[in-house]
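*Asks:* 3D model of this:
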Amino acid sequence: MDGTAIVITAGIFGDDHAKTAHGLIRDTSRYKILGVIDHNSAGKDAGEVLDGQHRNIPIEKDVKSLLHRLNEKPDYCVLPSFLCNQIQSRVYVFLKACRALILYTAVWS
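*Replies:* Residues are numbered from 1 along each chain as shown. Next up, the predicted model:
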């Protein structure tokens, strides 16, 4: 086992598009899943939402709520690909702005 993980599904845990999350909740030898972040299913057990089987995996509305509830710290965070793409594009824009600021500072120093 690689360690503990939380899963972020961003509102799609209850539908068919969260296949990776569903697989991790049903059975994984890679991670011990500590919880799920999904605003649409918050307050429920992930197993009960998925297939009616209680698995003692809480679903919370945000990271802060889930981390407050957990007794142990997660080692990993699993994200859906659309969130990874959004994060990647925002980091790219941020880094471009930093580079522009560095170049501007170098010119005027």
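
*Asks:* switch to C-alpha atoms for all contacts and neighbour counts from now on
*Replies:* OK.

*Asks:* domain map for the chain?
*Replies:* 3-78, 85-109 (automatic domain parsing).

*Asks:* walking through the protein, point out its strands one by one.
*Replies:* Taking DSSP state E as the test, the strands found in the chain are 3-8, 31-37, 59-60, 76-78.

*Asks:* what's the most buried one of these?
*Replies:* strand 59-60 (a mean of 26; mean count of other C-alpha atoms under 10 Å).

*Asks:* right, and residue 36 touches residue 55 too?
*Replies:* No: using C-alpha atoms under 8 Å, residue 36 is not in contact with residue 55; the gap is 11.9 Å.

*Asks:* between these two, which contacts overlap?
*Replies:* residue 46 (C-alpha atoms under 8 Å, 6 or more residues apart in numbering).

*Asks:* burial check on residue 65, number of neighbours?
*Replies:* For residue 65, the count of nearby residues is 13 (other C-alpha atoms under 10 Å).

*Asks:* look up how far residue 7 lies from it.
*Replies:* When distance is defined by C-alpha to C-alpha, to the nearest Å, residue 65 is 13 Å away from residue 7.

*Asks:* list residues touching both of the two?
*Replies:* By C-alpha under 8 Å, 6+ apart, no residue touches both residue 65 and residue 7.

*Asks:* ranges for the helices of the chain?
*Replies:* Assigned by DSSP state H, the helices in the chain fall at 19-26, 46-51, 63-69, 81-108.

*Asks:* what's the closest of these to residue 3?
*Replies:* helix 19-26 (12.9 Å; C-alpha to C-alpha).

*Asks:* just the mean pLDDT for that closest one, thanks.
*Replies:* Helix 19-26 shows a mean pLDDT of 91.

*Asks:* can you name every helix or strand that that helix contacts?
*Replies:* Counting contacts by 3 or more C-alpha pairs under 8 Å, 6 or more residues apart in numbering; DSSP states H and E, helix 19-26 is packed against strand 31-37, helix 46-51.
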